[in-house]
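**Student:** Here is my input; please provide its structure:
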Amino acid sequence: MRKFGRFIVRHRILIIIIFAVLLVPAIIGSFFVKTNYDMLSYLPEELDSVKGNKILSEEFGLSDTVYLLIYDEELPSVAKLKNRISAIDGVKDVYWVDDFTDLAVPENFIPSEIKEKFISGKSTILQIQLSADKKTDEIDETIENIKKALNDKSYLGGQPALTHELKKILDREKIIYFLIGAVAIFIILSLSTSSLLEPVLLFVSLGVAIILNMGTNAFIGSISYTTSSIAAIIQLAVSVDYSIFLLHRYREEKQNYLNKEDAMVAAVSGTGVAVTASALTTIAGFASLLIMKLGIGKDLGFVLAKGVVFSLLTTVVLLPCLILMVDKLIERSKHRVYMPRFNLVSEWMVKGKWFFLILIIVLLVPSFLAQKNLKYYSALISSLPRDAQSVIATEKIKSDFENGEVMYVVTKDKDRLKESELTDKIKNISVVKSVTGVSSQVYTSIPDTFIPSQLTDQFRNSEYSFFIVQVKTGVEDDETIKAIDDINKYASQIYGRNFYLTGESVLLNDMSRQSQIDMKYVNYLSIGLVALIIAVSFRSLSIPIILVAVIQLAIWLNLSIPYISGKPVYFLTSIFIGAIQLGTTVDYAILLTSRYKENLALLEPVEAMKKTIKDTGQSIFTSALILFGGTLGITLISKIKTTSELTNMIGRGALLSMAIIFFGLPALLLIFEKIIGWTTLGWRRRNKNKGKP
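**Tutor:** Just a heads-up that it's a prediction; the model follows:
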C-alpha cells in the first residue's frame with residue numbers, strides 16, 4: 001500500500017484532472033437514465049401471470065385500463081366526452097353504455113346488466129383502454145391529455161393514473177430528498193471534524209463518486225423509482241466514514257512526519273486495507289440483493305454496491321490529492337470537535353456487562369417472533385398519500401360501482417364448452433362481480449360461424465382466447481387472494497396446465513409470494529458473506545458469529561417496531577432492510593472489535609474495553625448519526641409511503657445497531673473472552689515491550 005500511496009501523492013495533479021474529465025461523460029450519462037415506475041415489470045418472466053400478461057399485450061394489444069368516473073352529466077354529454085377521449089393519442093378503446101345499447105333508449109329501459117356496469121345513481125363510468133405499444137413517457141402524456149378534457153366533476157382512477165401521480169410526486173421531491181439529506185450530513189460532519197474545510201472536501205470527493213455512480217447507470221438503461229429516490233443519499237451516508245477515517249489518520253501521521261507528502265503516504269497505507277475491508281462488508285450486504293428473482297432487488301443492490309466501489313475509489317485516490325492541495329487552508333480553518341466523548345460512560349458500559357447480556361437474551365426471542373409476524377402491503381394505492389387525486393378517484397370508483405380488481409384467464413384451448421363450464425364455476429365465487437367473454441355473451445349451442453366477428457375478434461385470435469373476471473374487492477383484500485386461488489384451482493381442473501391467470505392483482509400476489517422466497521435467500525447470503533469477510537479479517541470462528549448476531553438482533557428490533565405499532569410495511573422493505581442494515585452497520589462492530597484486539601496487546605480485557613469505547617465511541621456515534629440524519633429528511637418530507645418507510649427504517653436501524661453495539665457487544669466480547677481466544681488466531685498477542693522502560 002505504501003507504493004500505491006506514493007504513486008497517488010506524486011501524481012496528484014494528474015489524478016484530479018482525470019477525475020474531472022471522467023465527470024463529463026458521467027454527467028451526460030445521468031441524463032439518459034430513465035426511471036421505471038412499473039414494479040410489475042421486475043417480475044421473473046417464467047411466471048405464468050407474466051406470460052399471460054405478455055400474451056394479452058402482444059396478441060391482443062391490451063394494456064392498462066384507466067377508469068373515468070363522471071357525476072351529474074347527461075348521457076349525450078358523456079357520449080361527446082367519450083368521443084374526444086377516443087381521439088387522444090395513446091387511447092386504444094373507450095368502453096361505455098353506447099357500445100352495448102342505443103342511447104335513444106330511455107335510461108329505465110337499458111338492460112340491468114349494462115346499467116349496473118356503467119351507471120350508478122348520478123354517476124357513470126367509462127373504461128379507457130390504453131395502447132399497449134406506448135412507452136412510459138407517452139402514457140404519461142396520454143393521461144395528462146385525458147385530464148385536460150375533464151371537468152371538476154370527473155375522477156380518473158386505476159393503476160396508470162396512480163402510477164402517473166407517483167411519478168409527478170417523486171419528480172418534485174427527489175432533488176429535495178438529496179438536498180436536505182446532504183445539508184444534514186454536512187452539519188454533522190462540521191460538528192465532528194476539526195476544520196471548516198474538511199466537510200467541503202469530503203462532499204467534493206463523495207460528490208464525484210455519486211455522479212460517477214449515477215452516470216454509469218446509463219449502461220443499465222433504467223432504474224426503479226425506489227433506487228432513483230434513495231440511492232444517492234444512501235451512498236453518501238454509508239461511505240462518508242471511509243473519508244473520515246482517512247482524514248483522522250492523516251492528522252495523526254502529520255505528527256510523525258516532517259512533510260505532508262510522507263504523512264499522506266502513511267495515511268493511505270494505514271487506512272487503505274482497513275477501509276477496503278469495511279467497504280467489502282457493505283458491498284456484500286448490497287450485493288446479496290442481486291440473487292433476488294424480483295428484478296427490483298438486483299436493481300437496487302447493483303446500484304448501491306457500485307456506488308460503494310466508486311466511493312472507496314474516490315476516498316483512497318481522489319481525496320488524498322484534494323487534501324494535499326488545500327492543506328494550508330485546512331490548518332487555518334481549524335476548530336474544536338463538538339461531538340460527545342465517551343470517557344465517562346465507558347466505565348458503566350463495562351460494569352453492566354451481565355445486565356446487558358441478560359437484556360440481549362430477553363430481547364432476542366420476542367423481537368424475532370415480532371418481525372416474523374409482520375404484516376405487509378403491496379398495492380401502489382397504499383403507497384400514495386390519501387389525498388392524492390388518483391387515490392380519491394380509485395376509492396370513489398370502487399365505492400360507487402363495486403369495481404375491484406380485473407383478472408384475465410388466457411388459454412390456447414378455444415373450446416367454448418370448457419370456457420362456459422369454467423365461467424359458471426367462477427361466477428359462483430362470492431366476490432366475483434362479472435365474467436365477460438365469448439361464452440358469457442353467446443349460448444354454447446350457437447355455432448362459431450353465427451357469432452359476430454366484432455365479438456370474437458375482441459376475445460380471440462388465431463392462437464389464443466381469453467375472458468375477463470372482475471371482482472368486487474381490492475388488490476390486497478384476503479377475498480381477492482382467495483378468489484385467485486379458487487380460479488387457479490377451477491381452471492386447472494378444466495384446462496390442466498394449459499392456461500394463464502393474469503391481471504394486476506395476480507401479478508402483485510405473485511410478486512408478494514416471490515418476495516418471501518427471496519427474503520430467505522437474501523438473508524442467508526448476506527449473513528454468510530459478511531460472516532466470511534469477518535472470519536477472514538479476524539482469522540476467527542467465534543467473532544463473526546458474535547458480530548453478525550449483534551447486528552441481526554438490531555435488525556429484528558427494527559422490524560418489530562412496525563409490528564408492535566400495528567402498521568404493515570411494504571413487502572420489499574424487510575428484504576432491503578435486512579441487507580442494507582447488516583452491510584452498513586456491521587462496520588461499527590468491526591471497528592470496535594478490531595480496536596479492542598489492538599488494546600488487548602497492552603491491557604487486560606476490562607481496561608482494554610474501557611479504552612476501546614473511548615477510542616471508537618465518537619466515530620461510531622458520528623457514523624450512525626450521519627446515516628440517521630441523511631435519511632431523516634426523506635422520512636419527514638416524502639409523500640410516498642414506501643420511500644418514507646424505507647428511509648425511516650434505515651435511519652432507525654443505524655441508531656439501533658449503534659445502541660446494541662455500545663451496550664451489547666462489549667458485554668459479549670468480555671464474557672466470551674476465553675472462547676474467542678481459543679477460536680481466534682493471534683487474539684491476545686502481547687506486546688513484548690509491555691512494561692519495559
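**Student:** Where does pLDDT dip in the stretch 501-650 of the chain?
**Tutor:** Filtered on pLDDT under 70, the stretch 501-650 of the chain yields no residues whatsoever.
**Student:** so residue 181 touches residue 240, yeah?
**Tutor:** No. Taking contacts as Cβ atoms under 8 Å, residue 181 lies outside contact range of residue 240: 11.3 Å. In this view, the C-beta of every residue, glycine as well, is placed from N, C-alpha and C.
**Student:** which stretches of the stretch 51-200 of the chain have low pLDDT?
**Tutor:** For the stretch 51-200 of the chain, the ranges with pLDDT under 70 are 133-136.
**Student:** quick one: contacts for the residue sitting nearest the centre point of the chain?
**Tutor:** For the chain, the residue nearest the mean C-alpha position is residue 226 (4.9 Å; Cα atoms, centre = their mean). The neighbours of residue 226, taking Cβ atoms under 8 Å, 6 or more residues apart in numbering as the test, are 296, 300, 572, 642-643, 646.
**Student:** all helices of the stretch 51-200 of the chain, in order?
**Tutor:** Ranges of helices in the stretch 51-200 of the chain, per DSSP state H, counting those that start in this stretch, are 75-86, 112-118, 136-148, 159-192, 198-216.
**Student:** likewise the stretch 451-600 of the chain?
**Tutor:** Using DSSP H, counting those that start in this stretch, helices in the stretch 451-600 of the chain cover 453-459, 478-495, 504-538, 543-564, 573-600.
**Student:** what's the most buried one of those?
**Tutor:** helix 573-600 (a mean of 25; mean count of other Cβ atoms under 10 Å).
**Student:** what is the orientation angle of that helix with helix 543-564?
**Tutor:** If you take axes from the mean of the first three to the mean of the last three Cα atoms, to 10 degrees, helix 573-600 sits at 140 degrees to helix 543-564.
**Student:** Skipping adjacent residues, who's closest to residue 234 in space?
**Tutor:** residue 304 (6.3 Å; Cβ to Cβ, 6 or more residues apart in numbering).
**Student:** Ramachandran angles for that neighbour?
**Tutor:** phi -70, psi -40 (degrees, to the nearest 10).
**Student:** measure it to residue 239 for me?
**Tutor:** 10 Å (Cβ to Cβ, to the nearest Å).
**Student:** so where does residue 336 fall, helix or strand?
**Tutor:** If you go by DSSP states H and E, residue 336 is not part of any helix or strand.
**Student:** and what of residue 433?
**Tutor:** strand 432-436.
**Student:** C-terminal to that strand, which secondary structure element comes first?
**Tutor:** Next helix or strand after strand 432-436 toward the C-terminus (DSSP H and E): helix 438-441.
**Student:** tell me which residues of that next one are tucked away?
**Tutor:** Within helix 438-441, the residues that qualify as buried are 438-440, counting by 16 or more other Cβ atoms under 10 Å.
**Student:** repeat for stretch 266-280
**Tutor:** Using 16+ other Cβ under 10 Å as the test for burial, stretch 266-280 gives 266-272, 274-275, 277-280.
**Student:** With only the CA atoms kept, save that stretch in CSV.
**Tutor:** Coordinates of the C-alpha atoms in stretch 266-280 are reproduced here as CSV (Å, rounded to 0.1, in the frame of the first residue of the first chain):
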residue,chain,number,x,y,z
ALA,A,266,1.5,6.7,5.6
ALA,A,267,-2.2,7.7,5.9
VAL,A,268,-3.2,6.0,2.7
SER,A,269,-1.1,2.9,3.6
GLY,A,270,-2.6,2.8,7.1
THR,A,271,-6.2,3.2,6.1
GLY,A,272,-6.3,1.6,2.7
VAL,A,273,-6.7,-2.0,3.8
ALA,A,274,-9.0,-1.2,6.7
VAL,A,275,-11.3,0.9,4.6
THR,A,276,-11.3,-1.7,1.8
ALA,A,277,-12.3,-4.4,4.4
SER,A,278,-15.0,-2.1,5.8
ALA,A,279,-16.3,-1.4,2.3
LEU,A,280,-16.4,-5.1,1.4
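**Student:** circling back: any idea how far residue 624 is from the residue nearest to residue 234?
**Tutor:** Per Cβ to Cβ, residue 304 is found 18 Å from residue 624.
**Student:** Can you pick out the residue with more neighbours from these two?
**Tutor:** The neighbour count for residue 304 versus residue 624, taken as other Cβ atoms under 10 Å, is higher for residue 304 (27 against 23).
**Student:** so the residue nearest to residue 234 sits right up against residue 233, yeah?
**Tutor:** No. Applying Cβ under 8 Å as the test, residue 304 and residue 233 come out as separate, 11.1 Å apart.
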